[in-house]
Structure formats: C-alpha cells, structure tokens
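Q: I'll drop the sequence and a predicted model, then ask my questions.
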Amino acid sequence: MKKYFPSFDVNNIRLFYWLTLFVNGWFILPNWVFYFRQFISQGQVGLVEGVAVLIGIIMEVPSGVLADLLGKRKTIILGSLFQVISCLTLINSTEFIHFLLGNSIMFIGFAFHSGATEALAYDSLKEKKKSDKYPEVIGKSSSITIAATLISTVVGGYLYGLSPTYPFYAWTVFLALSVIVLSFMNEPKVDTVKFDFRNYLTHLKEGTASLFNNNLRPYLLPMFTFAIFIKLYQGIVRQSTAAYFGYTGETFGYLFAAISIPAIYISFKFDKLRSRFGDNRLIMFSLVSFTLAFLVSALTNNMLVGALYYLVINSIENITKPLTSTIINEHTDSSHRATTLSTLALFSQIPYIILTMVFAYMTETQNLPTLFWIYVVILATITLKRSFGKKYHYYIISN
C-alpha cells in the first residue's frame with residue numbers, strides 16, 4: 001500500500017486516506033436539486049441554497065480558527081455530525097422551511113470540514129518531519145476523492161431511481177463511518193495554542209491576513225479564480241446545467257461517474273505534473289481550459305457536448321484543488337493554516353450566494369447560456385491579465 005499511497009506508515013495519514021473516502025460519498029451529488037424540485041420551486045431552491053451558503057460563510061473562518069485552536073480532529077468530527085443531522089432532516093422534508101433548515105445545517109458541517117481536513121493531514125506529516133511529502137499525499141487523496149465520487153454517484157443515480165431519499169440514507173452511513181475513522185486519529189502537536197476569546201480574535205485576524213502575505217500574493221488572483229468558479233460550477237448550476245444538456249437525476253449520476261475516471265489518473269499524477277510543468281504553467285492551462293469549457297457550453301447544449309463540458313471541468317477541478325492547497329500549505333505557518341484555507345473558501349462562496357439569492361433566475365435552464373457568457377468574459381479577462389502581467393514582470397526583471 002505504501003507504494004501507491006505515500007506515508008501510509010504514518011497512522012494519521014493512513015486514516016486520512018480512509019477519511020477522504022468516507023467524506024466524499026457524494027451519493028446526492030447528481031440529484032439533490034431534482035429531489036428538492038419535487039417539493040419546492042427553482043426560486044425557492046435558490047433561496048434555500050443561498051441562505052445555507054450564507055450561514056456557511058458566517059461559520060467559515062470562525063470554524064477554521066477553532067480548528068487551529070481547539071484541534072482539527074474535533075472540528076471535523078463536529079462537521080460530520082452536523083451533516084448526519086442534515087441528511088436525516090432532508091429525508092423527512094416536504095416544505096420550504098424544512099429544506100431551509102436541513103440545508104443550513106449541512107453547510108455548517110461543510111464549514112467545519114473546510115480547511116481543517118487538509119491542515120490535519122499537513123500537520124500530521126510535519127509532526128513526523130515529512131511535510132515535503134504533502135504534494136504526493138494530497139494528490140493521491142484527490143484520486144481517492146474522485147474514485148469515491150465516481151462510485152457514489154453511480155450508486156446514487158441508481159438509488160435515486162429506486163427512491164429519491166435513498167441517496168441521502170447512503171450518505172448518512174458514509175458520514176457516520178467518517179466519525180469512526182476520526183476517533184482513531186490523533187491531534188498533531190504542532191504550534192498548539194491555548195484557547196481563549198482573546199486568542200480567538202487575534203488568531204482570526206492573523207490567519208485572515210496570512211492569505212494576503214507576500215509569499216501568497218503572486219498566486220492570489222488565480223487561487224481566488226479557481227475557488228470561485230469551481231463553486232459557481234457546483235451546486236444548483238451543475239445540476240441545472242445537466243438538465244440543460246438533457247440529463248436527469250439518474251442519468252446524470254452515470255455520466256458524472258464516467259467523466260470522473262480520467263480525473264482519477266490526473267489527480268493521481270498531480271505531484272508529477274507539478275514537478276514537470278510547475279505551478280505557473282498549470283495555472284495558465286487551467287484558466288484557459290475553464291474558459292473554453294464555458295464558451296463551448298454557451299454555444300450549444302447537446303448531450304455529447306455536455307459530456308465533454310463535464311469532463312473538462314471535472315478534470316481541471318482536480319488539478320486546481322490540490323494545487324491551491326499545496327501552495328497555501330507551503331507558504332503558511334501551521335498555526336494559521338486551517339484559518340487561511342477557510343478564508344479562501346469564504347471569499348470563494350460570496351459570488352455564489354449572490355447568484356443563488358439575487359440572480360436565482362439565471363440558473364433556470366433557458367438562462368444558462370447567458371450565465372455561461374458572463375463566466376467566459378470574466379475568465380478570459382483574468383487569463384489575459386495573468387498572461388500579460390507575467391510578461392510585463394519578466395520584462396522589468398530582464399531590463
């Protein structure tokens with residue numbers, strides 16, 4: 001196993017691989033919007049999602065601070081328990097207020113997971129003086145994420161065909177298993193800080209500021225771009241786009257699993273890709289790929305194009321996530337690592353909450369081409385800025 005999964009001999013990392021499997025049992029990924037739409041309208045789905053994301057945003061950075069101060073392991077356990085409660089609530093939901101409550105609890109769980117899981121892995125390696133192995137570990141972890149997503153979406157699509165609530169039951173089981181795995185992990189003793197309210201506020205300020213430190217500043221624009229557009233592609237947009245291309249809650253589960261297969265190989269080779277091409281080339285390639293994917297989707301909506309669209313987006317997503325995580329972890333001290341990752345996650349969700357709450361009509365099937373064109377213009381502008389900005393930087397240095 002050590003041959004395929006780096007640092008497998010480290011207890012926390014071995015369990016981290018299992019944790020990655022169970023927290024990514026996304027049985028509901030291809031069909032939760034379809035499930036919600038059985039009881040509430042598209043506008044209400046947007047409001048439910050928007051309020052939940054807002055609550056998640058409010059909890060995002062504080063949860064990262066608590067993870068740094070109280071412990072990553074305890075924070076992740078709380079996150080999984082919140083998600084279990086959410087699933088049980090949504091299974092029994094029939095009205096708007098029920099979905100609002102269940103989805104809000106879910107995003108509190110997401111906030112407690114955000115940043116803390118990666119920081120736990122990095123600190124576990126640092127404690128053993130193996131932090132240089134993190135790019136390999138996070139790459140292999142991403143492969144597990146895709147494999148778990150692939151299998152769970154296939155099963156989720158099938159289960160949805162049997163009963164719309166079955167995917168939620170399956171997700172509940174996986175989340176419960178994640179709590180069991182976490183109970184066998186140890187909290188790394190790295191940069192431990194005694195918790196009190198004064199330390200909390202100080203840590204919140206310092207951790208947020210660390211995202212904008214000099215070492216991370218050259219990467220800020222692409223990191224924010226990737227985080228924001230991955231979020232803007234997920235959720236309501238991803239499933240509304242599936243309907244736009246002609247897929248259903250069941251068939252989209254099968255499609256999503258199929259296009260995840262090449263992404264497994266890409267993420268498994270992440271550390272080699274990064275070593276060969278470097279961060280800047282991977283950043284430019286990812287920006288261009290995102291732009292072209294949304295451009296083609298704005299022009300046509302047949303099922304084959306839809307499959308190619310999801311293939312490109314999903315593959316690039318599984319390059320940019322470990323790339324962003326690695327860059328932040330390498331340029332941030334461990335006492336603020338979870339807070340910094342949570343801060344990035346917080347800022348990335350603001351455009352999404354505006355879309356779902358204020359411009360929810362843009363996620364309607366007939367309005368998606370306009371939304372894609374907006375994405376294209378923004379992405380193309382950022383890509384050009386990044387390209388010409390670096391050329392100008394090199395010109396100044398050479399002269």
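A: Cool, the structure landed.

Q: so Met284 touches Leu384, yeah?
A: No - if you go by CB atoms under 8 Å, Met284 and Leu384 don't touch, sitting 10.8 Å apart. The way it works is simple: take the backbone N, C-alpha and C, and place the C-beta from them, glycine included.

Q: okay, those two: which has more neighbours?
A: The residue with more neighbours, out of Met284 and Leu384, is Met284; 16 against 12, by other CB atoms under 10 Å.

Q: show me what the host helix or strand of that one is packed up against.
A: Applying DSSP states H and E as the criterion places Met284 in helix 270-299. Applying 3 or more CB pairs under 8 Å, 6 or more residues apart in numbering; DSSP states H and E, one finds that helix 270-299 contacts helix 134-162, helix 220-233, helix 303-330, helix 368-398.

Q: for the helix or strand just after the shortest one, what is the distance to the chain centroid?
A: On the C-terminal side of helix 220-233, the closest following helix or strand by DSSP H and E is helix 236-245. Per CA atoms, centre = their mean, to the nearest Å, the displacement of helix 236-245 from the mean C-alpha position of its chain is 18 Å.

Q: for Glu222, which non-adjacent residue is spatially closest?
A: Rather than Glu, residue 222 is Pro. Leaving aside its sequence neighbours, Pro222 sits nearest to Ile283 (CB to CB, 6 or more residues apart in numbering; 4.6 Å).

Q: just give me the neighbour total for the one you found.
A: The local packing of Ile283 (other CB under 10 Å) involves 25 other residues.

Q: which residues of the stretch 201-350 of the chain score low on pLDDT?
A: Along the stretch 201-350 of the chain, the parts satisfying pLDDT under 70 run over 201-204, 207, 334-339, 342.

Q: make that the stretch 1-150 of the chain, sorry
A: For the stretch 1-150 of the chain, the ranges with pLDDT under 70 are 1-3, 60-61, 64-65, 68, 115.

Q: give me the neighbour count for Ile58.
A: 14.

Q: ramachandran angles for it?
A: Main-chain dihedrals, Ile58, degrees, to the nearest 10: phi -60, psi -40.

Q: gap between it and Ser104?
A: Look at Ile58 and Ser104: by CB to CB, to the nearest Å, they are 10 Å apart.

Q: next, show the common contact partners of these two.
A: Contact criterion CB atoms under 8 Å, 6 or more residues apart in numbering; residues shared by Ile58 and Ser104: none found.

Q: all helices for the stretch 51-200 of the chain, in order.
A: For the stretch 51-200 of the chain, the helices defined by DSSP state H, counting those that start in this stretch cover 72-91, 96-113, 116-127, 134-162, 166-183, 197-210.

Q: so which of the ones you listed is nearest Tyr309?
A: Tyr309 lies closest, by CB to CB, to one member of these: helix 134-162, at 16.3 Å.

Q: relative to helix 116-127, how tilted is that closest one?
A: Using axes from the mean of the first three to the mean of the last three CA atoms, to 10 degrees, the direction of helix 134-162 lies 150 degrees away from that of helix 116-127.

Q: now helix 134-162: buried residues?
A: 134-157, 159-160 (16 or more other CB atoms under 10 Å).

Q: and for stretch 84-93?
A: 84-87, 89-91, 93.

Q: again with stretch 290-302
A: Buried-residue list, stretch 290-302, by 16+ other CB under 10 Å: 290-291, 293-298, 301.
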